[in-house]
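In: Structure of the sequence below:
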Amino acid sequence: MTGGREGNTGPAEYAGLPVAAFLDALAARAPAPAGGSAAALVLAQAAALCAKSARLSERQLSAGRAARLTGEAEQVLVSAASLIDEDPRAYADVLRARRRAGQAEGSADAAAGLAAALSAAADVPLRIVELSVPVSAIAAMLAAEGNPGLRGDALAAGLLARAAAEAAAGLVRINLAGAPGDARHARADQLLASIHDHLT
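Out: Numbering: from 1, shown residues only. Below is the predicted model:
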């Protein structure tokens, strides 16, 4: 979703904005950042909470296990944060393809270009759903076995990961509405089921 901060090189980077500026950008009269970026940020926060909880659970989990879980959570944090900007870049292609389709109404090539752009744009939210699975698993384990003083943080991390995944799965469905047989519909549903299993 392209935004008001877009320059000559494409959509601006939103992940590095201060919190207040990012929220202003979300609320602005501009296509981006929007739902995909918001979901990616929520997942990044969930991963960060897992890293905190794991790092402070050495006594309960052992230093080695705590370090491993911290590293896994931080890897997801980095990946999720990158998707905050990747989503606007992907959707910028959709907007361009939509404009071309509008200007060349009835053109099979323009329609195919729009379908291809929407298909590509579905990959970013699907990646958010995929990354939410390990975060939900880590969060559930930390809530059960980690530092009891951070149980609330681990529970919050799990709920945030599930919310990010559900929001992103909705975007996958919207982007692939014209391709009901696309395997990514079922993939998103399977991943959501895994997340719910972790948190119940």
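In: ok, Leu142 - how many residues close by?
Out: Neighbour count for Leu142, taken as other C-beta atoms under 10 Å: 29. The C-beta positions use only the backbone N, C-alpha and C, and glycine is treated the same way.
In: again with Ala34
Out: Ala34: 18 surrounding residues under other C-beta under 10 Å.
In: Return the distance of it relative to Asn147.
Out: The gap separating Ala34 from Asn147 is 36 Å, by C-beta to C-beta, to the nearest Å.
In: repeat for Ala48
Out: Taking C-beta to C-beta, one finds Ala48 at 16 Å from Asn147.
In: Please apply the same query to Ser107.
Out: Note on Ser107: its distance to Asn147, by C-beta to C-beta, is 60 Å.
In: same deal with Glu166?
Out: Glu166 is 28 Å from Asn147, by C-beta to C-beta.
In: the more surrounded of the two?
Out: Between Glu166 and Asn147, Asn147 has the larger neighbour count (other C-beta under 10 Å), namely 20 against 16.
In: elements contacting the longest helix seen in the chain?
Out: Secondary structure of the chain read by DSSP state H shows that its longest helix is helix 63-103. Counting contacts by 3 or more C-beta pairs under 8 Å, 6 or more residues apart in numbering; DSSP states H and E, helix 63-103 packs against helix 35-55, helix 108-121, helix 123-145.
In: Tell me the helix or strand right after the first one.
Out: When you say that, I think you mean helix 35-55. Proceeding C-terminally, helix 35-55 gives way to helix 58-61 as the next helix or strand, assigned by DSSP states H and E.
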